[in-house]
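Undergrad: Have a look at this fold, sequence not included:
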């Protein structure tokens, strides 16, 4: 992919996956054809990526809690539905990644980065920064 197309691809992907835009909107905003965006989305499973972002455990829990709050405020929640929501939340929390899971993935990532040849962009200082920010991230998880 040419450099300019890489930028358009990246922007279109972000708009679709993270921004919730339609493929037609992505095409218009990135100055590419609808067919091009459709091809990129199809070949790279953008719909699956979008769904996984919007249906993650971290995103579902607040949605469930918001729904519970609405029903409590409206006075429409029953003991049975409250029990079901509690089971759902407990089940989601049990399926959530632990700090050890995150740590394992980050260790594999840093091993991958270290296996790459050093270059102008990938310097020892950058690797140290990545490692430090990963540690900060893990510490932030243990505070929650």
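TA: Received, thanks. Bear in mind that the values here come from a model prediction, so they are computed numbers and not experimental data. Numbering: from 1, shown residues only.

Undergrad: and residue 14, what is it in contact with?
TA: Applying Cβ atoms under 8 Å, 6 or more residues apart in numbering to residue 14 gives no contacts. In short, each C-beta sits where N, CA and C put it, glycine included.

Undergrad: Report the buried residues of the host helix or strand of it.
TA: Assigning secondary structure by DSSP states H and E places residue 14 in helix 3-17. Under the neighbour-count criterion of 16 or more other Cβ atoms under 10 Å, helix 3-17 has 8-9, 11-13, 15-17 buried.

Undergrad: What's the separation between the residue nearest to the spatial centre of the chain and residue 89?
TA: Centre of the chain computed as the mean C-alpha position; nearest residue by Cα atoms, centre = their mean is residue 53, 4.4 Å away. Distance, residue 53 to residue 89, using Cβ to Cβ, to the nearest Å: 20 Å.

Undergrad: any chance you could map the helices in the protein?
TA: Counting by DSSP state H, the chain has helices at residues 3-17, 23-30, 34-43, 46-54, 57-74, 79-95, 99-115, 124-143.

Undergrad: got any ranges where this protein has weak pLDDT?
TA: Scanning the chain for pLDDT under 70 picks out the ranges 1-4, 54, 95, 143-144.

Undergrad: Please parse it into its domains.
TA: Per automatic domain parsing, the structural domains of the chain span 3-54, 57-95, 99-143.

Undergrad: if we can go back for a sec, surely the residue nearest to the centre of the chain meets residue 19?
TA: No. Taking Cβ atoms under 8 Å as the definition, residue 53 is not a contact partner of residue 19, at 10.6 Å.

Undergrad: if I look at residue 57, how far off is residue 98?
TA: 12 Å.

Undergrad: The two: who's more crowded?
TA: Shown here are residue 57 and residue 98; by other Cβ atoms under 10 Å, residue 57 has more neighbours (13 against 9).
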